[in-house]
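Visitor: Mind looking at a prediction? Sequence and model below.
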Amino acid sequence: MSTRAQSTHVTERAEGDRIRRRVQLLVEITSRVGEYRDGLGRAAERLTDHEAAIVQDLEQHGLDVLQLREVLWGGHVLIDDSELYERWRFPASRERLSSHHKAVDKSRYPDLGLTGPLVREKLHGRTSTGTWLQFEKTPAAMGHGFRLPTWTDVLHLCDFIVYRITKSNVGPWGLSKQTERRPMYLSPAVATAAPVPPEAVDELTAALERVEDADDTTSAAPDLARRFPPPDRSSTVAELVLAPGTRNGRGLFGASDIHVHHGQVQDARRALDEARATEPPTWSLPPTADTGGRMTDATTSADIPADTLGNLVDLVETGPVLLGAYTLAEIDAVGAIDHLFEDKPAPELIAEAVRSLAARNLISTDRGSEELKVRGDLGIATAVQHRSRTAIDARVTGTEPDQPWRVILMPQPEGITLEVLIDALGIHFYSLRGHQEALERLWERLPSGGRGPTDADADALLERSPRTALITINRWDGAGAHTSTDLVLAQDGEDCHAFVRDEQSPDSLVATGKDEGEWRALVLDATS
């Protein structure tokens, strides 16, 4: 085998290991809630590459942990992606007979079965617009031609009788009501779009412009932030570009019970009671502890179960964990850190945000309890944000429409970072990433170039530069005391000038003469 072939094989093997580990963690996290047949954990440990590839493809088509539970229980899944049919045809696949989707030409697109420890019996085929899939409890050898039935065929028949009685699919690890008649639909190719009525266009556009003008209300350095405003587009509607292939603002955990935050969510409570006080809610930092490479399991106002956090850290090592998109009012309503607020969202915006969160089951109470909970994606994002001791806040001018103009990174002691991308409409996109990956993504968004001179005029450069950035490094100590450091970047041709506040006159900026590596090191030193 050539050196290049060996390198390719090693890379493919590493990628297969990463995908398999990610799926194992997703199964472990999913199995914490709900009832499953015995042996799920052992089956996940023996997961094959082919099984992992199938679940990975489902995740990339929008599957979250709640839906994974249904798939493991035998839920019938439709995906409007016909390429998956051939993609899931593995060397170990075999043609199968089934009663599903009879309108499809089975001679051209035969149903395909695959056995494995996790899927037990995976069955998939074509639909008129894509691919369908279902996991079954009992493998069956039903195919073309005559043969004597086997014991597994008898067991498969028993599963069919259970289906007829319970109206539920019999999956490898439970029963699912999501049958072919009531399927789970991932990435539906619903291309029909209804135009906005002419009488509503002006109102919609005006609302977007008001949001664009008023949503930037957070900064630890408001005097400098005013010189780095959100982008002012010629048409705010350009921010609404559809991004196919994304999770469309949804996160991996949905509104699941994987994590519940038991904080005193005062804004949401007051809005629900229609009696929100005028004073902003207070918040204090939770205590930190020596985590030994894991997140703290100490009880705080934003507690996360230790076992969930261990899996979460491991999951980030296999790839980014998306936690959904939220408005500033939604984030404030659930008690986000308010140290940086220059102006709190209006009470009526908080009320609408609470209704939006309640409609998505992201906030709830237990029956008979008055304690509010923040669930799933938003709960995890809020809890991780609460335990952060450092936040890198970068505001960038000169961005393109539908692109984030602001990035906030909140590094954690375990080597993962909460990344928040903010667009011109103030929508916050949360994700968890490896710390180095998050930093590299930040550097790519910032101005770059060679070293600028130490006598550069900050005001003149900021006025003419097509691309500038304000980076504020925020720090909180154990008592909640806040300090910040500011770094200003301005691109000028092939050079990138770096400025800091004048120690003698903090309202003024002075050039540092640092090159790209040096000012990046300054950012990293300030966060250590």
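Guide: Noted; the coordinates are in hand.

Visitor: and the most centrally placed residue in the chain, what are its bridge partners?
Guide: Nearest to the geometric centre of the chain sits L322, at 1.2 Å (CA atoms, centre = their mean). Beta-bridge partners of L322, counted by DSSP bridges, are S431.

Visitor: That one reaches G251, doesn't it?
Guide: Yes. Between L322 and G251 there is a contact at 5.2 Å, judged by CB atoms under 8 Å. Placement of C-beta: from N, CA and C, glycine included.

Visitor: what does the model give the closest residue to G171 other than its chain neighbours for pLDDT?
Guide: Spatial nearest neighbour of G171, chain neighbours left out: G74 (2.2 Å); criterion: CB to CB, 6 or more residues apart in numbering. G74 carries a pLDDT score of 94 in this model.

Visitor: Roughly how far does G74 sit from W173?
Guide: 8 Å (CB to CB, to the nearest Å).

Visitor: just N248 next, same as before
Guide: 28 Å.

Visitor: More neighbours: which of the two?
Guide: W173 (26 against 12; other CB atoms under 10 Å).

Visitor: after the longest helix anywhere in the chain comes which helix or strand?
Guide: Ranked by residue count under DSSP state H, the longest helix found in the chain is helix 3-30. Tracing the chain C-terminally past helix 3-30 and defining elements by DSSP states H and E, one meets helix 40-45 next.

Visitor: elements contacting that following helix?
Guide: helix 3-30 (3 or more CB pairs under 8 Å, 6 or more residues apart in numbering; DSSP states H and E).

Visitor: Give me the distance from the helix it packs on to the chain's centre.
Guide: Relative to its chain's centre, helix 3-30 lies at 21 Å (CA atoms, centre = their mean, to the nearest Å).

Visitor: Beta-bridge partners for R120, please?
Guide: The partner residues for R120, given DSSP bridges, come to G116, E136.

Visitor: burial count for it?
Guide: 22.

Visitor: Now do it against D455, distance only.
Guide: 72 Å.

Visitor: Likewise for E136?
Guide: In terms of CB to CB, E136 sits 74 Å off from D455.

Visitor: Among those two, which residue is more densely surrounded?
Guide: More crowded of E136 and D455, by other CB under 10 Å: E136, with 21 against 8.

Visitor: Okay, now the unreliable bits of the stretch 101-250 of the chain?
Guide: For the stretch 101-250 of the chain, applying pLDDT under 70 flags the ranges 140-156, 190-197, 199, 201, 212-215, 217, 242, 244-245.

Visitor: show me where the stretch 51-200 of the chain has strands.
Guide: Here the stretch 51-200 of the chain has its strands, by DSSP state E, counting those that start in this stretch, at 77-79, 94-96, 111-116, 120-126, 131-136, 169-170, 175-176, 184-186.

Visitor: Which strands or helices does the fourth one pack on?
Guide: Strand 120-126 is packed against helix 83-87, strand 111-116, strand 131-136, with contacts defined by 3+ CB pairs under 8 Å, 6+ apart.

Visitor: next one: that strand to chain centre, how far?
Guide: Strand 120-126 sits 28 Å away from the centroid of its parent chain (CA atoms, centre = their mean).

Visitor: swap in the first one?
Guide: Distance, stretch centre to chain centre, for strand 77-79: 21 Å (CA atoms, centre = their mean).

Visitor: swap in the fifth one?
Guide: Using CA atoms, centre = their mean, the mean C-alpha position of strand 131-136 is found 25 Å from that of the whole chain.

Visitor: Next, the angle strand 120-126 makes with that strand.
Guide: 160 degrees (axes from the mean of the first three to the mean of the last three CA atoms, to 10 degrees).

Visitor: now strand 131-136 against strand 111-116, angle please.
Guide: Using the same axes, to 10 degrees: strand 131-136 against strand 111-116 is 40 degrees.

Visitor: Now do strand 131-136: everything it contacts.
Guide: Residues outside strand 131-136 that contact it (CB atoms under 8 Å, 6 or more residues apart in numbering) are 54, 58, 71-72, 74-79, 81-82, 84-85, 88, 100-101, 119-126, 156, 159, 169-172, 180, 183.

Visitor: And the third one, by the same measure?
Guide: Counting by CB under 8 Å, 6+ apart, the neighbours of strand 111-116 from elsewhere in the structure are 47-48, 50-51, 85, 88-90, 92-98, 100, 121-125, 139-140.

Visitor: just the longest one next, same as before
Guide: Applying CB under 8 Å, 6+ apart, the contact partners of strand 120-126 are 51, 54, 82, 84-85, 88, 96, 98, 100-101, 104, 106, 109-116, 131-140, 172.

Visitor: low-scoring pLDDT stretches of the stretch 301-450 of the chain, where are they?
Guide: Scanning the stretch 301-450 of the chain for pLDDT under 70 picks out 301-307, 336-343, 369-370.

Visitor: what sits up against stretch 47-61?
Guide: Outside stretch 47-61, the residues within contact range by CB under 8 Å, 6+ apart are 16, 19-20, 22-24, 26-27, 63, 67-68, 71, 77, 79, 81, 84, 87-88, 90, 92, 114, 116-119, 122, 133, 186-187, 252.

Visitor: tell me which residues in that stretch are buried?
Guide: Residues of stretch 47-61 classed as buried by neighbour count (16 or more other CB atoms under 10 Å): 47-59, 61.

Visitor: now swap in stretch 243-255 and tell me
Guide: R247, R250, G251, L252, F253, G254, A255.

Visitor: Using a markdown table, please lay out those residues together with distance to L409 and secondary structure.
Guide: Below are these laid out as a markdown table (distance: CB to CB, whole Å; DSSP: H, G, I helix; E, B strand; the rest coil):
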| residue | distance to L409 | secondary structure |
| --- | --- | --- |
| R247 | 20 | coil |
| R250 | 22 | coil |
| G251 | 18 | strand |
| L252 | 19 | coil |
| F253 | 21 | coil |
| G254 | 24 | coil |
| A255 | 26 | coil |
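
Visitor: From V396, how far off is L421?
Guide: 11 Å.

Visitor: In terms of neighbours, single out the busier of these two.
Guide: The residue with more neighbours, out of L421 and V396, is V396; 22 against 18, by other CB under 10 Å.

Visitor: Please verify my assumption that that one contacts R467.
Guide: Yes. With contact defined as CB under 8 Å, V396 counts as touching R467 (7.3 Å).

Visitor: Pull up the overlap in contacts between these two.
Guide: Joint contacts of V396 and R467 (CB under 8 Å, 6+ apart) are P447.

Visitor: give me the number of residues near G39?
Guide: By other CB under 10 Å, neighbour count at G39 equals 12.

Visitor: can you give me phi and psi for it?
Guide: G39 adopts backbone torsions of phi 100, psi 0, taken as degrees, to the nearest 10.

Visitor: Buried ones among the contacts of stretch 47-61?
Guide: Using 16+ other CB under 10 Å as the burial test, the contacts of stretch 47-61 include 19-20, 22-24, 26-27, 63, 67-68, 71, 77, 79, 81, 84, 88, 90, 114, 116-119, 122, 133, 186-187, 252 as buried.

Visitor: The stretch 351-500 of the chain: helices as residue ranges?
Guide: Ranges of helices within the stretch 351-500 of the chain are 376-386, 435-445, 458-464, based on DSSP state H, counting those that start in this stretch.

Visitor: Look up how far L224 lies from T512.
Guide: Distance from T512 to L224, counting by CB to CB: 15 Å.

Visitor: for E317, same thing?
Guide: Using CB to CB, one gets 36 Å for the distance from E317 to L224.

Visitor: These two - which one has more neighbours?
Guide: For E317 versus L224, neighbours defined as other CB under 10 Å are more numerous around L224 (19 against 14).

Visitor: So which elements touch the helix or strand hosting the more buried one?
Guide: Per DSSP H and E, L224 falls inside helix 222-225. Here helix 222-225 touches strand 468-476, going by 3+ CB pairs under 8 Å, 6+ apart.
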